[in-house]
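Participant: Here's my sequence, what's the structure:
(chains A and B)
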Amino acid sequence: KAGVTQTPRYLIKTRGQQVTLSCSPISGHRSVSWYQQTPGQGLQFLFEYFSETQRNKGNFPGRFSGRQFSNSRSEMNVSTLELGDSALYLCASRHGTGSLEQYFGPGTRLTVT
Amino acid sequence: SQQGEEDPQALSIQEGENATMNCSYKTSINNLQWYRQNSGRGLVHLILIRSNEREKHSGRLRVTLDTSKKSSSLLITASRAADTASYFCATDSGGSYIPTFGRGTSLIVHP
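Facilitator: Predicted structure coming up:
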């Protein structure tokens, strides 16, 4: 099976802009989670989607949003970018919300200038 | 906020030596997992241990869990240069099965 794919891999944006990141899960996986990884805060959970519904949400401001499509692909949007949003954004998929093992994509490296 | 905290933060060893890293957590858990991350890439799942298990093996990996001490250890035997990576423990509790990650141990294995 193909692994989790994320696009784009690298992105440079200016403060105040918005950005959309995309994630395609492993075929058959219906749960997609998003994480933000920074040197200072480590891996922080953003949200999880299952069957097009947000099932869990981390402690991030409303500027961070996401959605999931009927084919389980997911997008994450960050509006009004701040310098502190510079991070590696990781997407992970699993078969269902009760599955424990997550499969991670390679990440999108976002740099905000 | 991090649930698990790995120790040490960094570990440097020679190829062939064993590497041990520890994870401590604060609240009761359902499961504990270990993941590996090569520089700037995605995480790879290594092993899962449930709260009612004490030890698990997978190839050169050995994981122990002591729920009374709220701690786990990951032992990599006969380390190879390819084991150079960051290692994270992740715990979940309650009903969401959303793992909370620690800050990781950076392992360097010198050839």
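Participant: what does chain A have sitting close to chain B?
Facilitator: Residues of chain A lying close to chain B by CB under 8 Å from any CB of the partner chain are A:4, A:33, A:35, A:42-43, A:45, A:48, A:55-56, A:59, A:88, A:90, A:92, A:97-107, A:109. For glycine as for every other residue, the C-beta is placed from the backbone atoms N, C-alpha and C.
Participant: Put the buried members of those into a PyMOL selection.
Facilitator: Buried members of those, defined by 16 or more other CB atoms under 10 Å in any protein chain shown, are picked up in PyMOL with:
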select buried, chain A and resi 4+33+35+42+43+45+48+56+88+90+92+97+100+102+103+104+105+106+107+109
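Participant: Tell me which entries of the residues of chain A next to chain B lie within strands.
Facilitator: A:33, A:35, A:42-43, A:45, A:48, A:55-56, A:88, A:90, A:92, A:103-104, A:109 (DSSP state E).
Participant: want to try JSON lines for those, with pLDDT as columns?
Facilitator: Converted to JSON lines, these look like this (pLDDT from 0 to 100):
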{"residue": "A:Ser33", "pLDDT": "96"}
{"residue": "A:Tyr35", "pLDDT": "97"}
{"residue": "A:Gly42", "pLDDT": "89"}
{"residue": "A:Leu43", "pLDDT": "93"}
{"residue": "A:Phe45", "pLDDT": "95"}
{"residue": "A:Glu48", "pLDDT": "95"}
{"residue": "A:Arg55", "pLDDT": "92"}
{"residue": "A:Asn56", "pLDDT": "91"}
{"residue": "A:Leu88", "pLDDT": "96"}
{"residue": "A:Leu90", "pLDDT": "97"}
{"residue": "A:Ala92", "pLDDT": "96"}
{"residue": "A:Tyr103", "pLDDT": "94"}
{"residue": "A:Phe104", "pLDDT": "96"}
{"residue": "A:Arg109", "pLDDT": "97"}
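Participant: quick one: low-confidence parts of the chain?
Facilitator: I'll assume chain A. A:1 (pLDDT under 70).
Participant: try chain B instead
Facilitator: For chain B (pLDDT under 70), the answer is B:1-2.
Participant: What are the boundaries of the strands in it?
Facilitator: B:4-7, B:10-14, B:19-25, B:31-37, B:43-50, B:55-58, B:61-66, B:71-76, B:85-92, B:100-101, B:105-110.
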